[in-house]
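Novice: Output the structure for:
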Amino acid sequence: MINRVERLSSWESQPKREDMDSTLAAPHGRPVRRRNLFAQVVEELGIRIVRGDLGPEDAFPKEADLEREFGVSRSVIREAVKTLAAKGLLESKTRTGIRALPPVRWNLLDAEVLSWRYSAMPRLQFYRELFQIREMIEPEAAGLAAQRGSPAEIAEIDTAFQGMVEASQANASGVEADLRFHRGILAAAGNPLLLQMGNLISVGLNISHRFSRESFVMFLPRHRDVLEAIKQGEAKEARTAMLRLLTGTFDYMKDHIRDD
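Specialist: Numbering: from 1, shown residues only. Modelled structure (predicted):
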């Protein structure tokens, strides 16, 4: 049987720190990310929709116009539209054609959609929204991990924490170990639906580490409190410790996040 921790490998495509702050260039003078043309078309159209430049009431650009703008074939444009439709940003119908969909239809747990929203929103507003969801989900996940976590899953959380400690001692980036810690808790909770929270956590941690390396070291003791409660099988204490970690992190970071 595949261990729940092993299934987390599917999250490796989550946005990295440099991805969240880079934007694709178009004819507007923004810097071009060196990616293949298909990915560029998907990202540029996705950002336009998320930013509100293309709304549900707006006429979607004609294929021929997009071909000329991006210098790609019609098949690339059509594949890009299919990709955005799968993310809930576009809808294509025979009679009405292509149109952008309202935010309520977007797949906001999709790593790319999250990244586009980050590029289009005020940083603190985006961060606050992330933490509101994290505070609803992660404390309960920690409680479930204390109740259900297998020895191997709890050992994974412990190993991740030790990686965080080593990174802090070496004055190195601990974002990967930090993310591994939180992913490990979601996996140990024993509910596959919780694994979808991985993208939200990844983006939130990348923002935290980008704006303040100090917060990583400062909140190591609270990570330890979460770990110890899970090890002891104390669900209530694990929930409380995780909530303290998240609220403390947000209260600290809200004074450090700025719009560039």
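
Novice: Distance check, Ala170 against Leu179.
Specialist: Ala170 sits at a distance of 17 Å from Leu179 (criterion: Cβ to Cβ, to the nearest Å). From N, CA and C alone the C-beta is placed, and that goes for glycine too.

Novice: Could you check how far the residue lying farthest from the centre of the chain is from Pro102?
Specialist: Computed with Cα atoms, centre = their mean, the residue of the chain farthest from its C-alpha average is Arg95, at 35.3 Å. Separation of Arg95 from Pro102 (Cβ to Cβ) stands at 20 Å.

Novice: sorry, back to before: who has more neighbours out of Ala170 and Leu179?
Specialist: Leu179 (22 against 9; other Cβ atoms under 10 Å).

Novice: Which of the three states applies to the more buried one?
Specialist: Three states are possible here, and by DSSP: H, G, I helix; E, B strand; the rest coil the one that applies to Leu179 is helix.

Novice: okay but it is in contact with Leu200, surely?
Specialist: No. Using Cβ atoms under 8 Å, Leu179 makes no contact with Leu200, being 11.2 Å away.

Novice: Domain-wise, how is this protein divided?
Specialist: Per the record's domain assignment (automatic domain parsing), the chain is made up of the domains 35-105, 122-253.

Novice: Redo the ones you listed as a markdown table? Include mean pLDDT.
Specialist: Below are the domains of the chain laid out as a markdown table (pLDDT from 0 to 100):
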| stretch | mean pLDDT |
| --- | --- |
| domain 35-105 | 94 |
| domain 122-253 | 93 |
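
Novice: those strands in the stretch 151-260 of the chain, which residues are they?
Specialist: In the stretch 151-260 of the chain, no strands are defined using DSSP state E, counting those that start in this stretch.

Novice: which residues of it fall in helices?
Specialist: 151-169, 175-188, 198-211, 214-218, 220-231, 235-253 (DSSP state H, counting those that start in this stretch).

Novice: ok, now how distant is Gly174 from Arg180?
Specialist: When distance is defined by Cβ to Cβ, Gly174 is 10 Å away from Arg180.

Novice: still on that earlier bit, enumerate every residue touching the residue farthest from the centre of the chain.
Specialist: By Cβ atoms under 8 Å, 6 or more residues apart in numbering, the contact set of Arg95 is empty.

Novice: hang on, Ala235 packs against Ala141?
Specialist: No. Using Cβ under 8 Å, Ala235 makes no contact with Ala141, being 10.8 Å away.

Novice: So for those two, which residue has more residues nearby?
Specialist: Counted by other Cβ under 10 Å, Ala235 and Ala141 do not tie: Ala141 has more neighbours, with 23 against 18.

Novice: from what I can see, the more buried one looks like it's in a strand, true?
Specialist: No. The secondary structure assignment for Ala141 gives helix rather than a strand, going by three-state DSSP.
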